[in-house]
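[1] from the sequence below, what's the structure:
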Amino acid sequence: MPDTAIPSKDEVAAERERLEYRKRYLHTLRTTIYALIVVAALAVLLATTFLPVLRVSGTSMEPTLADEDIVLLVKYSSFETGDLIGFYYQNKMLLKRVIAGPGDIVDIDEYGNVTVNGELLDEPYLTEKSLGETDLVYPYQVPESRYFVMGDHRSTSIDSRNSAIGCIEKGQIVGKVVLRVWPFSRIGLL
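    Here you go, the predicted structure:
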């Protein structure tokens, strides 16, 4: 029979404490992992349902938004002239500015001056005006339940001025761009 020593009272207490510590550690680890999973799921749900976050790709919205900026959108049900919106077009998310709403009449002259319902738009967000690439006949009436959108970099933006994109249906719109979150040097409301 092997010689096994009976552990002392202190050794038993130390082993109990070690096992209790391990039990508490595993419980804390499991609780932390569950909490992280719940927080991640809520963040994804919130981001996809209420506050989509997008990375700008391209220069069609310069100088307002630059390539690689990250912006936050908020779901809205109505949009006004001047609002920046995100919408789906051919499985891509595009960002443009609302110029006119359903039923409005848009006219753009050869110098890029935009009038909506006979009133010249005040567009302080532009650095240069341009007619851009258009195949529409002006004046143009925006169809019902659609929005006429344009990029801020008018000479390069492909937008509602071109029938390839055309006017945007309300159902395509994801939300209104409200906040730039990256880069930090340019963070702020839009």
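[2] make it CA atoms for all contacts and neighbour counts henceforth
    Will do.
[3] which SS state does the nearest residue to Val71 once chain neighbours are set aside fall under?
    Spatial nearest neighbour of Val71, chain neighbours left out: Arg180 (4.3 Å); criterion: CA to CA, 6 or more residues apart in numbering. Under DSSP: H, G, I helix; E, B strand; the rest coil, Arg180 falls in the strand class.
[4] one more: Thr32?
    Under three-state DSSP, Thr32 comes out as helix.
[5] what's the burial count for it?
    Using other CA atoms under 10 Å, Thr32 has 12 neighbouring residues.
[6] repeat for the one 3 residues further on
    By the measure other CA under 10 Å, the count of residues near Ala35 is 12.
[7] what distance do you get for it to Thr28?
    Using CA to CA, to the nearest Å, we find Ala35 at a distance of 10 Å from Thr28.
[8] how about Thr134?
    From Thr134 to Thr28 the distance is 62 Å (CA to CA).
[9] and those two? which has more neighbours close in?
    Using other CA under 10 Å, the more surrounded residue of Thr134 and Thr28 is Thr134, with 15 against 12.
[10] ok, the more buried one - contacts?
    Shown in contact with Thr134 (CA atoms under 8 Å, 6 or more residues apart in numbering): Arg161, Asn162, Ser163.
[11] is the first one in contact with Asp135, as I believe?
    Yes. Taking contacts as CA atoms under 8 Å, Arg161 lies within contact range of Asp135: 6.7 Å.
[12] which one's more surrounded, these two?
    In this view Arg161 and Asp135 are compared by other CA under 10 Å, and Arg161 has more residues nearby, 25 against 12.
[13] got a pLDDT number for that one?
    pLDDT recorded at Arg161 is 90.
[14] host element of it?
    Under the criterion DSSP states H and E, no helix or strand holds Arg161.
[15] now swap in Glu20 and tell me
    Counting by DSSP H and E, Glu20 is part of helix 9-49.
[16] in contact with Gly58, which residues?
    Gly58 sits in contact with Ala66, Asp67, Glu68, where contact means CA under 8 Å, 6+ apart.
[17] who wins for neighbours among the residues you listed?
    When neighbours are counted by other CA under 10 Å, Ala66 leads the contacts of Gly58 with 16 neighbours.
[18] give me phi/psi at that residue?
    Main-chain dihedrals, Ala66, degrees, to the nearest 10: phi -110, psi 160.
[19] I figured it hits Leu95, correct?
    No. Using CA under 8 Å, Ala66 is not in contact with Leu95; the gap is 11.3 Å.
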